[in-house]
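Enquirer: 3D, please:
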Amino acid sequence: MDTIKEYISANQDRFLEELFGLIRIPSISSIASHKPDMYRAAEYLKRMLLEAGADSATVFETAGNPVTYAEKIMDASWPTILIYAHMDVMPVDPIDLWKTDPFDPVIVDGKICGRGADDDKGQSFMHVKAFEYMVRSGQLKCNVKFLIEGEEEVGSPNLGDFCKKHKEMLRTDIILVSDTSMIAQDIPSITTGLRGLTYLQIEVTGPNKDLHSGLFGGAVGNPVILLSKMLASVHDENNRITIPGFYDDVLDLTSEEKELLAQAPFDVEKYKSMLGIGEVWGEKGFRVPELTGTRPTFDVCGIWAGYTGEGTKTVLPSKAFAKVSSRIVPNQDHHDIAELIKKHFESIAPPQVKVEVEILHGGPAYICPITLPAYKAAEQAFTETFGKRPVPFRSGGSIPIISTFEKVLNAKSLLMGFGLESDNIHSPNESYPVWNFMKGIETITKFYGYYTA
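Expert: You can find the predicted model right below:
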């Protein structure tokens, strides 16, 4: 049998075309009209997993979108790896900013362009192809299970119940996930921590109907202005969050943890240039890697009200809305933080308006010990394929289901991500370098070898 590098070289075009088939399915979990596409994606992955060598594959129903499950049991006495991924993607708006069709993938300058190219179709497909090689080469010395859900981008609301219902089926020694990033293409890294998340919607109501801004403006409180003032008050002059009790449970990094984090190279000038910003922003006294990986946040994700169509309409809106999120860190509880935010906005509402806050979804933070045997195996795999030892670092992103896995399945998750910050996940023009896709396949196969050695 070919080596993994030879196998990738011989099958690269097929790998890409099969991945493109998955990307072409607009499996947007947050838009109800795309529900049929979720089933198309689930069935497509079922077929791919069976062709790759799974003993069985099933599309399971949930209260929401489907779950694709597959397994290959080699020997009950051998270790078991559960691969978790998601088939759903974010909406593509604003569509006019895309340079290519988001659901007609193409390769431009060595990058796969399309929605889900990185998050998470490209990264999940690496595991399908690594598994395929291990089966066909006869090197698989462990049991492998796949759990691919269709609701990660909306907070995985039904996967927890699915795991409880199928706890025995999902029993595993380690959960392997590729839904995170590397520090840089030439700096391999393993994500050892994820921030948690809470997400809310704020509705501010002033007058009982939209008003003529000439007849009523100046005498009636404008909900847009008052909501904006409330939102702006959440950060003080040092960009520290002003919500009472917000930082009560935050654990500061130890000196050892700070030293470990400092090993990750970071160039603030390149960071600013990449993002097209004049200066970074954040809580005073912390470096950017600390701000994005170890400190909690409050952000406005969307705000709308009044008339935004073509031309003019002199209106004083009756209502204004905002969607807000808070990234939380280990030891903070996402339920508690959501309640703190809700009570805070209700308490600071001026008498001219009424405020209603709806808690939408959330999940806890997660930490992966670097002493895990699976971490050590991944460290060896990265070292072999990249020629250098990977740097452990904490990601600012959230994967809400990871902590649920630990509670329900009693198993830790290993986060082997191969994406890049420049991949524009959740944004227009999402992409994923072909090099990263292929290098990921190679590294995952090495992980199998070291984990079962």
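Enquirer: C-alpha only now, for contacts and for neighbours.
Expert: OK.
Enquirer: and Asp120, how many neighbours?
Expert: Taking other Cα atoms under 10 Å as the neighbour definition, Asp120 ends up with a count of 23.
Enquirer: quick one: it and His86 touch, right?
Expert: Yes: in terms of Cα atoms under 8 Å, Asp120 counts as a neighbour of His86; the distance is 6.1 Å.
Enquirer: how about low-confidence regions in the protein?
Expert: Screening the chain residue by residue with the criterion pLDDT under 70, one finds the ranges 1, 453.
Enquirer: that one: helices as residue ranges?
Expert: Under the criterion DSSP state H, the chain contains helices at 4-23, 35-52, 121-136, 159-165, 213-216, 223-232, 255-262, 268-275, 288-293, 334-347, 373-386, 401-409, 434-452.
Enquirer: just name the most buried of the ones you listed.
Expert: Mean neighbour counts were taken over these using mean count of other Cα atoms under 10 Å, and the top value, a mean of 23, falls to helix 121-136.
Enquirer: which other helices and strands contact that helix?
Expert: For helix 121-136, the packing partners by 3 or more Cα pairs under 8 Å, 6 or more residues apart in numbering; DSSP states H and E come out as helix 4-23, helix 35-52, strand 80-86, helix 434-452.
Enquirer: name the helices or strands packed onto the shortest one?
Expert: Using 3+ Cα pairs under 8 Å, 6+ apart as the contact test, the elements touching strand 80-86 are helix 121-136, strand 143-149, strand 174-177.
Enquirer: how about those in a markdown table, adding distance to Ala305?
Expert: As requested, the helices and strands packed on strand 80-86 are arranged in a markdown table below (distance: least, Cα to Cα, whole Å):
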| stretch | distance to Ala305 |
| --- | --- |
| helix 121-136 | 35 |
| strand 143-149 | 34 |
| strand 174-177 | 39 |
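Enquirer: quick one: closest of the ones you listed to Lys46.
Expert: With distances scored as Cα to Cα, the stretch of those nearest to Lys46 is strand 143-149 (9.6 Å).
Enquirer: pull out the buried positions in stretch 64-79.
Expert: Within stretch 64-79, the residues that qualify as buried by neighbour count (16 or more other Cα atoms under 10 Å) are Asn65, Pro66, Val67, Thr68, Tyr69, Ala70, Glu71, Lys72, Ile73, Pro79.
Enquirer: ok, the fifth one - contacts?
Expert: Contact analysis of Tyr69 by Cα atoms under 8 Å, 6 or more residues apart in numbering lists Lys46, Ala57, Thr58, Val59, Phe60, Lys145, Phe146, Leu147, Ile148.
Enquirer: what's the burial count for Asp267?
Expert: Should you count by other Cα under 10 Å, Asp267 turns out to have 8 residues around it.
Enquirer: distance of it from Met274?
Expert: In this view, Asp267 and Met274 are 11 Å apart by Cα to Cα, to the nearest Å.
Enquirer: one more: Arg14?
Expert: Here the distance between Arg14 and Met274 works out to 33 Å (Cα to Cα).
Enquirer: equivalent analysis for Ala305, please.
Expert: From Ala305 over to Met274 the distance is 31 Å, taken as Cα to Cα.
Enquirer: let me see the contact set for the residue lying closest to Glu379 once chain neighbours are set aside.
Expert: For Glu379, the nearest residue in space outside its immediate sequence neighbours is Pro390; the separation is 6.1 Å by Cα to Cα, 6 or more residues apart in numbering. In this structure, Pro390 makes contact with Ile187, Pro188, Ser189, Ile190, Glu379, Phe382, Thr383, judged by Cα under 8 Å, 6+ apart.
Enquirer: tell me the domain boundaries of the protein?
Expert: 4-194+365-452, 196-250+296-363 (automatic domain parsing).
Enquirer: so can I have JSON lines of these showing distance to Glu256?
Expert: Converted to JSON lines, these look like this (distance: least, Cα to Cα, whole Å):
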{"stretch": "domain 4-194+365-452", "distance to Glu256": "13"}
{"stretch": "domain 196-250+296-363", "distance to Glu256": "17"}
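Enquirer: list the contacts of Ala57.
Expert: If you count contacts by Cα under 8 Å, 6+ apart, then Ala57 has Lys46, Arg47, Leu49, Leu50, Thr68, Tyr69, Ala70, Glu71 around it.
Enquirer: which of those sits closest to Tyr7?
Expert: The shortest gap between Tyr7 and any of the contacts of Ala57 belongs to Leu49, at 17.7 Å (Cα to Cα).
Enquirer: how near is that closest one to Pro207?
Expert: Leu49 is 56 Å from Pro207, where distance means Cα to Cα.
Enquirer: and His34, by the same measure?
Expert: Separation of His34 from Pro207 (Cα to Cα) stands at 36 Å.
Enquirer: go on, Val106?
Expert: Between Val106 and Pro207 the distance, using Cα to Cα, works out to 50 Å.
Enquirer: check Lys167 too.
Expert: Noted for Lys167: a distance of 52 Å to Pro207, by Cα to Cα.
Enquirer: can you redo the contacts of Ala57 as a markdown table with distance to Tyr247?
Expert: Conversion of the contacts of Ala57 to a markdown table gives the following (distance: Cα to Cα, whole Å):
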| residue | distance to Tyr247 |
| --- | --- |
| Lys46 | 44 |
| Arg47 | 47 |
| Leu49 | 45 |
| Leu50 | 48 |
| Thr68 | 39 |
| Tyr69 | 40 |
| Ala70 | 42 |
| Glu71 | 43 |
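Enquirer: most widely separated two among these?
Expert: In these, two members sit farther apart than any others by Cα to Cα. They are Arg47 and Glu71, at 12.8 Å.
Enquirer: coming back round to it: tell me which of the helices and strands packed on helix 121-136 sits nearest to Gly217.
Expert: Distances from Gly217 to each of the helices and strands packed on helix 121-136 were compared by Cα to Cα, and the smallest falls on helix 35-52, at 43.9 Å.
Enquirer: so Cys142 touches Ile81, yeah?
Expert: Yes: with contact defined as Cα under 8 Å, Cys142 reaches Ile81; the gap is 7.3 Å.
Enquirer: which one's more surrounded, the two?
Expert: Applying other Cα under 10 Å to Cys142 and Ile81 shows that Ile81 carries more neighbours, namely 23 against 20.
Enquirer: that concludes my questions; thank you for your assistance.
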